[in-house]
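Student: Sequence plus the predicted model coming up.
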Amino acid sequence: KSLFPLSQQIQKVVSDQIRYARMGLGKGQWQLFADEGEMKMYRREEEIKGMVMDPLKACHVVKGVTGHEMCHYFFRPEYRNDWETTLEKMTVAETISEDTIIFWQIHKSIWPVTQRDAVFWSHMTQVPDPSDRDAQNIWIVVNNSTDLDAYPPNQGKYLRLFLTVCMLCQTLVTPPKQGTTITRQDIACKITYCSVVNPGGWTPSSLLRTIYKREYPKFLKRFTSYVIEQCKNKPIMY
Ligand SMILES: O=S(=O)(CCO)c1ccc(-c2ccc(C3CCCC3)c([C@@H]3C[C@@H]3c3ccccn3)c2)cc1
């Protein structure tokens with residue numbers, strides 16, 4: 001469908017997602033649906049052709065890890081089964097480069113919803129900080145559905161879902177006392193997680209919204225706890 005080679009499509013979607021993540025909530029009726037300490041999750045109710053397409057934005061501040069570390073554990077396939085509890089199967093369909101991978105994921109069926117799969121490219125990159133040109137403290141991972149000939153949609157029992165997700169992470173450092181080196185007590189990561197999911201087939205809106213309301217907070221809490229655990233005894237990766 002896309003006329004542009006993959007790299008150009010990635011640049012466009014990534015720059016759109018950076019702007020979208022940075023704009024805060026923006027216009028429209030955003031509902032705060034999860035508020036647990038530092039983690040705040042908002043959604044806007046949107047239906048297109050009777051299908052739930054609710055945009056979601058989550059803001060979170062996680063102590064003791066950097067934005068690079070958070071994006072690394074979100075992007076790399078080898079860690080995904082440790083924190084993603086709704087996966088039945090995850091395959092690396094193509095490794096385009098060290099910062100671009102195409103995944104095929106089958107999500108566990110959640111009764112009575114038809115089981116879904118997804119094919120998406122995942123791209124991890126550093127983001128310039130507009131307020132501080134030589135800062136190197138912002139990273140992003142964008143996951144965006146794509147077609148892949150080897151994985152045609154809706155062949156078997158899975159409905160193909162379509163998603164655009166971004167995980168924008170900014171490292172915050174509180175400088176320690178003069179002359180002492182920075183430790184994990186002095187760092188934190190400010191996360192903006194955005195997602196728009198097209199479930200790919202009609203499902204009762206109330207049912208989908210119940211699933212999202214339960215699963216998104218669970219996912220972000222589990223993922224961030226996992227990264228803290230993985231990093232705590234390792235040197236800081238800036
Ligand atoms: O951030 S990611 O890129 C991380 C890579 O895995 C991502 C996040 C969420 C999804 C997702 C999209 C739709 C659905 C369901 C809803 C009804 C039909 C399919 C689910 C199932 C419910 C569970 C779920 C929902 C929300 C968060 C985590 N789990 C998940 C996929 C990828």
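Tutor: Thanks, I have the structure now. Residues are numbered from 1 along each chain as shown.

Student: near the ligand, which residues of this structure?
Tutor: Within the chain, the residues that sit near the ligand (Cβ under 6 Å from any ligand atom) are 84, 86, 105, 107, 110, 113, 116, 118, 143, 161, 163, 165, 195, 197, 199, 208, 211-212, 215-216, 219. Glycine gets a C-beta too; all of them are placed from N, C-alpha and C.

Student: Could you check how many residues crowd around whatever residue of the chain ends up closest to the ligand?
Tutor: Nearest residue of the chain to the ligand: Glu215, at 3.4 Å (Cβ to the nearest ligand atom). For Glu215, the neighbour count with other Cβ atoms under 10 Å is 14.

Student: Could you pull up phi and psi at the closest residue to it other than its chain neighbours?
Tutor: Using Cβ to Cβ, 6 or more residues apart in numbering and skipping the chain neighbours, the partner closest in space to Glu215 is Thr86 (6.5 Å). Backbone torsions of Thr86, given as degrees, to the nearest 10, read phi -100, psi 10.

Student: what sits against Thr86?
Tutor: By Cβ atoms under 8 Å, 6 or more residues apart in numbering, the contact list for Thr86 reads 107-108, 110, 215, 219.

Student: And for Ser205?
Tutor: Taking Cβ under 8 Å, 6+ apart as the contact definition, Ser205 lies against 47, 50, 52.

Student: same check, this time on Thr171
Tutor: Thr171 neighbours (Cβ under 8 Å, 6+ apart): 66-68, 137-138, 187-189, 238.

Student: Make a ChimeraX selection of the buried ones in those.
Tutor: Here is the ChimeraX command that selects the buried residues among these (16 or more other Cβ atoms under 10 Å):
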select :66,67,68,137,138,187,188,189
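
Student: residue ranges for the strands of the chain, please.
Tutor: With strands called from DSSP state E, the chain shows them at 30-36, 39-44, 47-48, 51-52, 56-63, 87-97, 100-107, 116-126, 138-145, 159-160, 162-173, 187-198.

Student: Let me have those in TSV, adding distance to Pro152 and mean pLDDT as columns.
Tutor: Formatted as TSV, these follow (distance: least, Cβ to Cβ, whole Å; pLDDT from 0 to 100):
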stretch	distance to Pro152	mean pLDDT
strand 30-36	35	97
strand 39-44	31	98
strand 47-48	23	95
strand 51-52	21	95
strand 56-63	28	98
strand 87-97	12	97
strand 100-107	11	98
strand 116-126	9	98
strand 138-145	13	98
strand 159-160	9	98
strand 162-173	14	98
strand 187-198	17	98
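
Student: so Leu148 makes contact with Phe120?
Tutor: No - counting by Cβ atoms under 8 Å, Leu148 stays clear of Phe120, with 9.3 Å between them.

Student: So those two - more neighbours on which side?
Tutor: Phe120 (22 against 16).

Student: contacting residues around that one?
Tutor: Phe120 neighbours (Cβ under 8 Å, 6+ apart): 102-103, 105, 143-146, 163.
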